[in-house]
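> sequence first, predicted coordinates after that:
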Amino acid sequence: MSKVDLINQDLVRERGTCEFDIEELTYYLDGDAAATANRRKLEDKVLSTEGLFDKVPEDFLSHKEKYENAVRKAVLFYRALQNALDPNMSDQEKASTTYRSLLPSAVFKEQSPFTLHVAMFIPAILGQANEEQKKYWLPRASKMEIIGTYAQTELGHGTFIRGLETTATYDPKTEEFVLHSPTLSSYKWWPGSLAHTANYCIVMAHLYSQGKSCGIQPFIVQLRDEETHMPLPGIKLGEIGAKLGFNTVNNGFLGFENHRIARDRMLMKNAQIAKDGTFTKSANNKLTYGTMVYVRVVIVNGMANQLARAATIAVRYSAVRRQSELKPGAGEPQIMDYVTQQHKLYIAIASSHAFSLIAKWLSGKYYKVTGDLEKGNTDELPELHATACCLKAVTTLDTTALIERCRLSCGGHGYMLSSNLPQIYGLATAAFTYEGEFTVLMLQTARSLVKAWEQALAGKPLRPTMSYLTEKKQTAKWSNSIDGIIDSFQRVAVGKLESAVASIKKYSKQGMAPEDAWNMSSVRLVAASEAHGRAVMLSTYKSELERTTTSLSEPLRRVLGYLLHLYAVYWTLEKVGDLLLYTSISESDIQQLQDVYEDLLGKVRPNAVGLVDAFDFRDQILNSALGAYDGRVYERLMEEALKSPLNAEPVNQSFHKYLKPFMQGKL
C-alpha cells in the first residue's frame with residue numbers, strides 16, 4: 001500500500017480542490033524558496049537526532065519526570081541545532097531560516113527549559129552589556145558553557161518596573177554590589193530555567209550608591225557553582241510549581257541574602273558605576289527602553305505561528321470528521337461543510353496571515369529605530385513603543401480566543417491532550433500576561449494616544465500610525481470596501497479617544513487629581529487603545545499584503561485577497577456596535593456585509609486545507625493526533641490512548657486494594 005493510499009480520502013479530495021500552488025504560498029510565508037529549503041533542511045537534520053522523541057508521551061509523566069526528561073531532550077536538541085546551523089550563514093540568513101520554524105514544538109509540548117537562555121539572557125547581554133562585557137559573556141552564553149535566564153518580575157511586582165524591591169547596594173570599599181531581597185514580595189518569581197537549570201542570571205535590581213537611588217539596573221549574577229551546580233551562599237532558589245502551561249520550562253523563584261558580586265557584574269552599556277561609587281548614565285538613556293520592545297516584536301510573530309498550528313489541526317480534523325445529516329438520507333457530511341464551522345475556523349487562518357505580515361512590518365520598524373538610537377536619534381522610539389505595546393496586547397488577546405475556538409470546534413476530541421490544542425492554548429494565554437500585561441500595555445498606548453490628540457489639536461504633525469487622528473473628525477458616507485472599513489475603524493478609534501479625553505477633562509473639572517481622573521477614565525482609554533490597534537492592524541495587513549504579493553501568481557493573490565477581505569468583514573460584524581456609534585453604517589449595510597461574509601466563507605472553503613498545508617508544519621511540530629497530514633485521526637487517537645501506563649495491564653492494582661473489598665462490603 002502506497003503512502004498516498006494511507007491518507008484519508010477526504011483530505012485527498014480537499015487538496016484536489018485547492019485553487020493555488022501550495023508550495024508557492026509556503027515560499028511566500030517563509031520569505032522565498034531558499035528560506036523554505038534552509039528551514040526544511042534544518043528540520044531534517046535536527047529531527048533525525050536519536051532520542052529526541054518520547055516513547056511514553058510526556059502527558060503521562062509526573063511533574064518531576066517531565067522536567068528531567070525535558071532537560072535530557074534539551075541537551076540533545078540544542079547540540080543538534082548548533083551542529084545543524086551552517087556556521088558560514090550570516091545572522092540575517094539564520095534569522096530567515098528560523099523565522100517560521102517551530103522546531104522546539106516538535107520536541108517539547110510545553111517549551112524547553114533553555115527557552116529563557118535564548119529568548120532573554122543572550123538578548124539582554126547584547127542590548128545592555130558594554131563591549132568588554134560582551135566579549136567575555138557572549139561566547140560563553142552562545143556556546144552554552146553557561147546557561148542563563150532573566151529575572152525581573154517579583155512576587156509583588158510585575159509590569160511596574162520602578163516598584164521592584166530587590167536592592168543592589170554598592171560598597172566602594174570592596175568594589176562590590178550587595179544584592180538583597182528585603183521582603184517576601186521582593187523575591188524574583190516566574191523566570192524560566194531559574195529553578196534548577198540556569199547557573200547565571202540577569203537580575204533587575206534597584207541600585208543604591210553613595211546613599212542615593214540610581215534606578216533599576218541590570219546585573220549578571222552567578223547563581224550556582226559551575227562544577228557542583230549548588231546554589232551559591234546568600235542565594236535561595238526553587239521552583240514555583242505546576243501551571244496551566246510551560247510546565248517543562250522550570251519557572252523559579254530567587255531570593256538574595258546580602259549576596260555580593262563584583263563591580264563589573266553590572267551591565268554597563270547604558271549606565272556605569274565608578275570605583276568610588278559615582279553613578280553615570282548614557283546621554284541616550286532610551287537605549288534600554290528600545291531593547292524592551294524587541295521581545296514584544298517577537299511575541300507578535302510567535303502568535304502568528306501558534307495560531308497557525310491550531311488552525312492546521314482544527315481544519316484538517318474538520319475535513320476528516322463527519323457528523324449528523326444536513327439532508328435526510330444523504331449521509332454524514334464533513335463538519336467543515338457546516339457554515340458555522342467555517343465561521344469558527346477561517347478567521348484563525350486569516351488572523352495568522354495578518355499577524356505574520358504585521359510582525360514583519362513591526363520588525364522592520366524596530367531595526368530602523370534601534371539603528372537610529374545608536375546614532376542618538378530617538379524621534380521614532382515613542383511611536384514604536386506605543387505600537388509594539390498595542391499590537392502585542394491585541395494579537396495575544398485574539399490568538400488566545402481563536403486557539404480556544406479551534407479547540408472547541410474539534411468537540412470532545414479537542415479536549416484530549418493528545419490533540420495538543422490545550423497545550424497550544426496554554427502557551428498562547430501566557431503571552432497575554434508576560435512581557436507586559438494586556439491592560440497595562442493598553443494604558444501605555446493610551447498615554448501616547450492622548451498626547452497625540454493634544455498635538456493634533458495644537459496643529460502639530462503626527463507620526464504615521466496616528467496621523468489619522470487629524471483626518472477623521474467628520475463622519476463620511478459608509479463604504480463596504482476594505483478601504484472604507486479601514487477608514488471606519490479609524491473613525492471609531494477617533495471617537496473612542498475623543499470620549500476618553502472628554503472623560504478625563506470632566507473628572508479634572510470636578511477637582512480630581514490628574515491620576516484619579518485618568519483612573520476613572522481608564523475603561524474608555526483601554527477601549528480607545530484597542531480600537532487604535534485594530535485600525536493599525538487592518539491598514540497594515542492590507543498595505544503589506546499589497547506590497548509583498550506583486551510577484552505572486554494570480555490564483556494565489558486572489559485567495560490571499562479572500563483572507564484579507566474576510567478578516568476586514570469579520571471584524572466589522574464583530575464591532576458593529578462601535579460602528580453604529582461612530583460611523584454612518586446602516587442596517588442595510590450590515591445585511592450586505594453579512595452576505596459578503598458568507599460568500600467569502602464559501603470562497604475560502606475549497607482552499608482551506610491547502611491554506612493550512614502551506615504553513616508546512618511537520619507532524620512532529622503539530623504533535624497532534626487530530627492534525628497529522630494523513631488525517632488518520634481515529635487510528636492516532638487510539639494509538640495515543642494505548643500509550644497510557646494505565647493500559648499496560650488488564651487489571652489495575654487499585655481493584656484488589658480498594659474496589660473489590662468495597663464492592664464485597666469489606667471496607
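Looks like it came in fine.
> contacts, neighbours, all on C-alpha from now
OK.
> show me the contacts for Leu579.
Under the criterion of CA atoms under 8 Å, 6 or more residues apart in numbering, the neighbours of Leu579 are 488-489, 492, 572, 585.
> now render those as a markdown table, adding secondary structure and distance to Leu232.
Listed next are these as a markdown table, based on DSSP: H, G, I helix; E, B strand; the rest coil; distance: CA to CA, whole Å:
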| residue | secondary structure | distance to Leu232 |
| --- | --- | --- |
| Ser488 | helix | 59 |
| Phe489 | helix | 55 |
| Val492 | helix | 56 |
| Thr572 | helix | 57 |
| Ile585 | coil | 66 |
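> can you list the weak-confidence ranges in this protein?
1-5, 89-99, 283-291, 472-474, 667 (pLDDT under 70).
> would you mind identifying the next helix or strand past the helix or strand harbouring Gln490?
Here Gln490, judged by DSSP states H and E, is contained in helix 482-509. Moving toward the C-terminus from helix 482-509, the first helix or strand encountered (DSSP H and E) is helix 514-520.
> that following helix: how far from the chain's middle?
Here helix 514-520 is found 31 Å from its chain centre; the criterion is CA atoms, centre = their mean, to the nearest Å.
> same check on stretch 516-524?
Worked out by CA atoms, centre = their mean, stretch 516-524 lies 28 Å from the chain centre.
> what is the end-to-end distance of that stretch?
In stretch 516-524, first residue to last residue: 14 Å (CA to CA, to the nearest Å).
> outside of stretch 41-52 itself, list whatever touches it.
With contact meaning CA under 8 Å, 6+ apart, stretch 41-52 is reached by 73, 76-77, 80-81, 84-85, 97, 103, 106-107.
> helices or strands next to the helix holding Gln490 in the packing?
When contacts are defined as 3 or more CA pairs under 8 Å, 6 or more residues apart in numbering; DSSP states H and E, helix 482-509 sits against helix 438-457, helix 514-520, helix 522-548, helix 554-574, helix 576-582.
> what's next to the fourth one, contact-wise?
With CA under 8 Å, 6+ apart as the test, helix 554-574 has contacts from 19-21, 24-25, 347, 349-351, 354, 482, 485-486, 538, 541-542, 549, 579, 590, 593-594, 596-597, 600-601, 603-604, 607.
> check contacts around Ala308.
Ala308 makes contacts with 348-349, 352, 612, 615, as judged by CA under 8 Å, 6+ apart.
> most neighbours among those residues, please name it.
Ala348 (29 neighbours; other CA atoms under 10 Å).
> mind checking which helix or strand that one is in?
helix 339-374.
> if we ignore the residues flanking it in sequence, what's nearest the residue nearest the centre of the chain?
The centroid of the chain falls nearest to Ile299 when counting by CA atoms, centre = their mean (3.5 Å). Among residues not flanking Ile299 along the chain, Lys392 sits closest, at 6.6 Å (CA to CA, 6 or more residues apart in numbering).
> how near is Ser142 to Val221?
For Ser142, the distance to Val221 - CA to CA - is 17 Å.
> check Tyr468 too.
Taking CA to CA as the measure, Tyr468 falls 47 Å from Val221.
> does Leu326 touch Glu332 like I think?
Yes: proximity of Leu326 to Glu332 meets the contact threshold set by CA atoms under 8 Å, at 7.4 Å.
> follow-up on the earlier one: right, and the residue nearest to the centre of the chain touches Ala430 too?
No: at 11.0 Å, Ile299 and Ala430 do not qualify as touching, with contact defined as CA under 8 Å.
> for Ser142 and Val221, indicate the residue with more neighbours.
Comparing Ser142 with Val221 by other CA under 10 Å, the one with more neighbours is Val221, at 20 against 14.
> give the helix, strand or coil label for the more buried one.
Of the three states, Val221 takes strand under DSSP: H, G, I helix; E, B strand; the rest coil.
> quick one: contacts for it?
Here Val221 is in contact with 200-203, 261, 265 (CA under 8 Å, 6+ apart).
> ok, back up a step: the residue nearest to the centre of the chain is in what secondary structure piece?
Counting by DSSP H and E, the element that carries Ile299 is helix 287-320.
> any buried residues in that helix, and which?
By neighbour count on 16 or more other CA atoms under 10 Å, the buried set for helix 287-320 is 287-288, 290-294, 296-320.
> so Phe177 sits in a helix?
No: using three-state DSSP, the assignment for Phe177 is strand, not a helix.
> which SSE is the residue nearest to it when sequence neighbours are not counted in?
In space, and not counting its chain neighbours, Phe177 is closest to Tyr170: 4.4 Å by CA to CA, 6+ apart. In this structure, Tyr170 sits in strand 167-171 according to DSSP H and E.
> that strand packs against which elements?
Under the contact rule (3+ CA pairs under 8 Å, 6+ apart), strand 167-171 is packed against strand 176-180, strand 200-209.
> relative to Asp59, which of those strands is closest?
strand 200-209 (29.5 Å; CA to CA).
> could I have the closest one exported to CSV, CA atoms only?
Extracted in CSV, the C-alpha atoms of strand 200-209 (Å, rounded to 0.1, in the frame of the first residue of the first chain):
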residue,chain,number,x,y,z
TYR,A,200,23.6,32.5,35.7
CYS,A,201,21.0,35.2,35.6
ILE,A,202,20.4,38.8,34.5
VAL,A,203,18.8,40.4,37.6
MET,A,204,17.0,43.6,37.5
ALA,A,205,17.5,45.4,40.8
HIS,A,206,17.2,48.8,42.4
LEU,A,207,20.7,50.3,42.6
TYR,A,208,21.8,52.4,45.5
SER,A,209,25.2,54.2,45.6
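> what's the offset of it from the middle of its chain?
Strand 200-209 sits 26 Å away from the centroid of its parent chain (CA atoms, centre = their mean).
> what strands line up against that strand, and which way round?
strand 148-151 (parallel), strand 167-171 (parallel), strand 212-222 (antiparallel) (DSSP bridges).
> out of those strands, deepest packed?
Highest mean neighbour count among the strands paired with strand 200-209 (mean count of other CA atoms under 10 Å): strand 148-151, with a mean of 28.
> Tyr294 against Lys365, yeah?
No: the pair Tyr294 / Lys365 is not scored as a contact, 10.7 Å apart, by CA under 8 Å.
> so what's Phe256 up against?
Contacts for Phe256 (CA under 8 Å, 6+ apart) come out as 179-181, 187, 234-236.
> now with 10 Å?
Phe256 is in contact with 166-167, 178-182, 186-188, 233-237, counting by CA atoms under 10 Å, 6 or more residues apart in numbering.
> quick one, what contacts the closest residue to Arg407 other than its chain neighbours?
Take Arg407 and drop its neighbours on the chain: the residue closest to it by CA to CA, 6+ apart is Gly414, 4.9 Å away. By CA under 10 Å, 6+ apart, the contact list for Gly414 reads 313-314, 317, 404, 406-408, 420-422, 624-626.
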